[in-house]
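Peer 1: With the sequence up front, the predicted model follows.
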Amino acid sequence: MLRRRQKEDEEKEIKVDNYRGIGLWLKNYSEEELREVKKLISCFIKLAKEVEECYKAS
């Protein structure tokens, strides 16, 4: 059980480090560029949900 907890903690730390790295990387872009990227990603997520719904319906 202790080993599992250690592994979970390590995985969480890796995720936090990855998110921190992404945050630092995004600082190189303007607010306008980030807004446009957020819109694009939002569209991708919506489309993925629609595709999944269509797949389940068929």
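Peer 2: Looks like it arrived, so ask away.
Peer 1: Torsion angles phi and psi at Glu52?
Peer 2: phi -60, psi -40 (degrees, to the nearest 10).
Peer 1: From Phe44, how far off is it?
Peer 2: Distance, Glu52 to Phe44, by C-beta to C-beta, to the nearest Å: 13 Å. Placement of C-beta: from N, CA and C, glycine included.
Peer 1: Give me the below-cutoff pLDDT ranges for the protein.
Peer 2: Scanning the chain for pLDDT under 70 picks out nothing.
Peer 1: all helices for the protein, in order.
Peer 2: 2-26, 31-57 (DSSP state H).
Peer 1: neighbours around Glu8, how many?
Peer 2: 10 (other C-beta atoms under 10 Å).
Peer 1: How much space separates it from Ile14?
Peer 2: Per C-beta to C-beta, Glu8 is found 11 Å from Ile14.
Peer 1: again, but for Met1
Peer 2: Counting by C-beta to C-beta - Met1 and Ile14 are separated by 21 Å.
Peer 1: Please identify which of the two sits among more neighbours.
Peer 2: Ranked by neighbour count (other C-beta under 10 Å), Met1 and Ile14 place Ile14 first, with 10 against 5.
Peer 1: Tell me which residue is most central in the protein.
Peer 2: Tyr19 (8.6 Å; C-alpha atoms, centre = their mean).
Peer 1: distance of that residue from Lys12?
Peer 2: From Tyr19 to Lys12 the distance is 11 Å (C-beta to C-beta).
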